[in-house]
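**Q** structure for this input, please:
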Amino acid sequence: MEYQYLSHINSPRDLKSLPKEALPRVCDELRDFIIQELSHNPGHLASSLGTIELTVALHYVFDTPDDRLVWDVGHQAYAHKILTGRRDRFSTNRQFHGLAPFPTPLESEYDSFVAGHASNSISAALGMEIANERLEPMGHPHRHVVAVIGDGAMTGGLAFEGLNNTSMDKNNLLIVLNDNHMAIDPIKGGFTQYLVDITTSERYNRIRWSLYRAMVRLHLMSSGKKDRLLRINNNLKTLLTRQEHNIFQSLNIRYFGPADGHNVVDLVRILSEIKNHRGPKVLHIITKKGKGYAPAENDQTIWHAPGEFNVTNGERHLSQASEPLWQEVFGQTLLDLAKRNKKVVGITPAMPSGCSMTIMQHELPDRVFDVGIAEGHAVTFSAGMAKEGLIPFCNIYSSFLQRAYDNIIHDVAIQKLHVILCIDRAGIVGNDGMTHHGLLDLAYLRPVPNIQIAAPMSAQDLRDMMTLALEAPGPFAIRYPRGRSYSAPEHEPVLLGKGRLLREGNRVAVLSLGAIGATVEKALNNMGDSASAFAHWSMRWLKPLDTEILDYVGTHFHQIVTIEDGVISGGLGSAVLEYMADHHYTCSVKRLGINDQFVEHGSTQQLYHMLGLDAEGIQQALESL
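**A** Sure, this is the predicted structure:
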């Protein structure tokens, strides 16, 4: 489709050549382009629709890529990608070998910092800002640094750590708070807009800065006096506007707003006037997630990432499948256990629908706790509950659980608290790419004392493991993948620390862990008569290992193959090698898993094929023996 302006914007320089009056039209074209593209190439829709005017204004006012824009989570950065030379390749977004799902400097010089996980923008941008301040006297060019963070990401502790540091160190960082849910200070009446106008007035701030410099020269102003004067200034604004004091003002960070985040011309004016203000500052804008597309505005959760859809009527194209999603198995089982035991509670860091804890939330809302994007807090909060006798099922995506590692060790494992970690999105997750693949959890949890680690091959395994976790003492971790679950033709009840023999063989012992065991079975079924050489065990447990199986294998087989959907360094393969060496078994061990790499984005089928971990790749690996 040919657009009047967008079709000719190949860089921010082209955007800056347009008159300000053309910018609303550019926003309309961007919004239509994103809706059309994502209708058949799914991605994160609602978040990006809500930040179009902000993105246009930022690139119009600042000189990117020399000036640094640091996005907090790439959900909101599609317009940024399109305006920075990637429009013609946007149809490959999140596709195998295509554009990355989130901003990354590996892809574009306009992407200042990786943006896959929330709450890191302020810390990263502050580091860049202070580095630029230090390097500028050495001949490096002057740069502006802007952090763009949503109100959701502000629930993360790292954001507040960065904010606290921003208030302490001399810097000129600009933080744009994209508030699409609730204003820090509600917009009420015309005087609030007047306050925005006066505090962003170039003349007002020029006079204010001149007075400050004059007072410094006359030794009437010091750093401490400056902070006190800023507090007086903020308190005066609070008094005049009858608004509550907000956290930014309390930290002596200049606060501008709230402003309409969908008025691109006004955003250009405000950004132009405040960008050269000395000292740290916050621009608070109000936006609407899904702006400009009625279905997305009306159901922002569903349309965060809706899949394919019909643009005209908003009808989503839902796939039909007989097997439930792994997350649905978790959600329904959690509700069943909660009905049986009143001590069961559910904890999620901002992912109730993503992990299907909404199933329990709808029936038992007072026993489900969404703590926001705060994984470390979620684990320690769960630990506190367990200490007093509740049984918390804390569900966190594998890659996000990395942020809570110390909490697992210090707050849960040392005290042997009965916290059940349900680790969703373990293994390859697909199009969200390297920041979201759950490949490290087996390796980083296995060294932690006192913790039990399970991985179901089938939906029934997951139900059994959650039921077992309810009664088993101490920390308990259950990891399972994204996507459709597997129903085994036959099921053996799960016992603590015990694996399951799936097929007998006489030459090679295959030990798999978790859902990838179903893929191993498919590979063996494709091998015909030669499959009789391979015995296959679903180990079910990484910790405690089923040593009875390992002793039998070490005694009766000369070759072992371990297969896991995680990094091979530190996971099942490493555990088996260690056991064989420690017990003086001489059989050779071949490990299949993820080598020392970050895996790119693409469909799960494409990525498992690339890694040699689909049925075809596993079959070839086994046949090579």
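
**Q** got a pLDDT number for the spatially closest residue to residue 40 that is not a sequence neighbour?
**A** Computed as C-beta to C-beta, 6 or more residues apart in numbering, the closest residue to residue 40 that is not its neighbour in sequence is residue 308, at 5.9 Å. Quick note: C-beta positions are derived from backbone N, CA and C, even for glycine. Looking at residue 308, its pLDDT stands at 92.

**Q** over to residue 308: give its phi and psi.
**A** Main-chain torsions, residue 308, degrees, to the nearest 10: phi -70, psi 150.

**Q** for residue 40, same thing?
**A** phi -120, psi -10.

**Q** what residues are up against the residue nearest to residue 40?
**A** 39-40, 42, 316-317 (C-beta atoms under 8 Å, 6 or more residues apart in numbering).

**Q** got it, and residue 598?
**A** With contact set as C-beta under 8 Å, 6+ apart, residue 598 has these partners: 434, 437.

**Q** try residue 591
**A** Per C-beta under 8 Å, 6+ apart, neighbours of residue 591: 561-562, 568, 573-574, 577.

**Q** just the buried subset of these, written out for PyMOL, thanks.
**A** Buried residues within the contacts of residue 591, by 16 or more other C-beta atoms under 10 Å, are selected in PyMOL with:
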select buried, resi 561+562+568+573+574
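
**Q** which one of the contacts of residue 591 is nearest residue 400?
**A** residue 568 (22.3 Å; C-beta to C-beta).

**Q** and that closest one, how close does it get to residue 594?
**A** 6 Å (C-beta to C-beta, to the nearest Å).

**Q** residue 521 now?
**A** Distance, residue 521 to residue 594, by C-beta to C-beta: 20 Å.

**Q** name the nearest residue to residue 164, ignoring sequence neighbours.
**A** That would be residue 251: by C-beta to C-beta, 6+ apart, it lies 7.0 Å from residue 164.

**Q** next one: residue 158
**A** residue 119 (4.3 Å).

**Q** same question for residue 591.
**A** In space, residue 591 is closest to residue 573, 3.2 Å off (C-beta to C-beta, 6+ apart).

**Q** same question, residue 155
**A** residue 372 (3.1 Å).

**Q** that neighbour contacts residue 159, doesn't it?
**A** No: counting by C-beta atoms under 8 Å, residue 372 stays clear of residue 159, with 10.5 Å between them.

**Q** and these two? Which one has more around it.
**A** Neighbour tally, residue 372 and residue 159, criterion other C-beta atoms under 10 Å: the higher count belongs to residue 159, 25 against 18.

**Q** any idea of the mean pLDDT for the helix or strand encompassing that one?
**A** Using DSSP states H and E, residue 159 falls within helix 157-168. The average of the pLDDT scores along helix 157-168 is 92.

**Q** please apply the same query to stretch 17-24.
**A** Rounded mean pLDDT across stretch 17-24 is 97.

**Q** what mean pLDDT does stretch 599-619 have?
**A** In this model, stretch 599-619 has a mean pLDDT of 96.

**Q** list the buried residues of that stretch.
**A** Those would be 599-602, 604, 606-611, 613-615, 617-619, for stretch 599-619 by 16+ other C-beta under 10 Å.

**Q** so residue 441 makes contact with residue 398?
**A** Yes: when contacts are counted by C-beta under 8 Å, residue 441 is listed as touching residue 398 (4.7 Å).

**Q** joint contacts of these two?
**A** Residues touching both residue 441 and residue 398 by C-beta under 8 Å, 6+ apart: 423, 426, 479.

**Q** among the residues you listed, which lie within strands?
**A** Residues of the shared contacts of residue 441 and residue 398 located in strands (DSSP state E): 423, 479.

**Q** for ChimeraX, what selects the buried ones among the shared contacts of residue 441 and residue 398?
**A** In ChimeraX syntax, the buried subset of the shared contacts of residue 441 and residue 398 is picked out as below (16+ other C-beta under 10 Å):
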select :423,426,479
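
**Q** can you lay out the shared contacts of residue 441 and residue 398 as TSV showing pLDDT?
**A** Converted to TSV, the shared contacts of residue 441 and residue 398 look like this (pLDDT from 0 to 100):
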residue	pLDDT
423	98
426	97
479	98
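
**Q** picking that back up, for the residue nearest to residue 591, give its distance to residue 440.
**A** On the measure of C-beta to C-beta, residue 573 and residue 440 end up 14 Å apart.

**Q** cool, residue 98 as well?
**A** Distance, residue 98 to residue 440, by C-beta to C-beta: 24 Å.

**Q** farthest residue from the center of the protein?
**A** For the chain, the residue at maximal distance from the C-alpha centroid (C-alpha atoms, centre = their mean) is residue 218, at 50.6 Å.

**Q** check contacts around the closest residue in space to residue 472 that isn't next to it in sequence.
**A** The shortest distance from residue 472 to any residue other than its chain neighbours is 6.3 Å, reached at residue 496 (C-beta to C-beta, 6+ apart). The contact partners of residue 496, by C-beta under 8 Å, 6+ apart, come to 452, 468, 472, 541, 544.

**Q** among those, name the buried ones.
**A** Using 16+ other C-beta under 10 Å as the burial test, the contacts of residue 496 include 452, 468, 541 as buried.

**Q** dump the residue contacts of the second one.
**A** Spelled out, it's residue 468. 494, 496.

**Q** and it, that's in a helix?
**A** Yes: under the criterion used here (DSSP: H, G, I helix; E, B strand; the rest coil), residue 468 sits inside a helix.

**Q** got phi/psi on the closest residue to residue 150 other than its chain neighbours?
**A** Spatially, and ignoring its direct neighbours in sequence, residue 150 is nearest to residue 178 (4.7 Å; C-beta to C-beta, 6+ apart). Backbone torsions of residue 178, given as degrees, to the nearest 10, read phi -90, psi 100.

**Q** give me the buried positions along stretch 491-506.
**A** 492, 494, 496-497, 499-500, 502, 505.

**Q** ends of that stretch, how far apart?
**A** 23 Å (C-alpha to C-alpha, to the nearest Å).

**Q** next one: stretch 107-127
**A** For stretch 107-127, the end-to-end distance is 21 Å (C-alpha to C-alpha).

**Q** what comes up buried for it?
**A** Quick answer for stretch 107-127 (16+ other C-beta under 10 Å): 107-108, 110-127.

**Q** so what's the gap between that stretch and the chain middle?
**A** From the chain centre to the centre of stretch 107-127 is a distance of 13 Å (C-alpha atoms, centre = their mean, to the nearest Å).

**Q** surely residue 246 meets residue 255?
**A** Yes: the pair residue 246 and residue 255 qualifies as a contact (C-beta under 8 Å) at a distance of 6.2 Å.

**Q** neighbour count for the two, which is higher?
**A** residue 255 (23 against 18).

**Q** count the residues that sit near the residue nearest to residue 80 when sequence neighbours are not counted.
**A** With C-beta to C-beta, 6+ apart as the criterion, residue 80 has its nearest non-adjacent residue at 5.1 Å, and that residue is residue 55. Number of residues near residue 55 (other C-beta under 10 Å) recorded here: 27.

**Q** residue 55 is in what secondary structure piece?
**A** In this assignment (DSSP H and E), residue 55 forms part of helix 52-61.

**Q** and after that helix, which helix or strand comes next?
**A** Next helix or strand after helix 52-61 toward the C-terminus (DSSP H and E): strand 68-71.

**Q** residues making contact with that next one?
**A** 58-59, 62, 77, 80, 103, 110-113, 115, 121, 124-125, 128, 143-148.

**Q** ok, that strand: who's next to it in the sheet?
**A** Looking at strand 68-71 with DSSP bridges, its partner strands are strand 145-150 (parallel).

**Q** for this structure, which strand is longest?
**A** Per DSSP E, the chain has its longest strand at strand 559-567.

**Q** for the stretch 301-450 of the chain, which residues score under the pLDDT cut-off?
**A** For the stretch 301-450 of the chain, applying pLDDT under 70 flags no range at all.

**Q** so which residues of it form helices?
**A** Taking DSSP state H, counting those that start in this stretch, the helices of the stretch 301-450 of the chain run over residues 326-340, 358-363, 375-387, 398-401, 405-406, 441-445.
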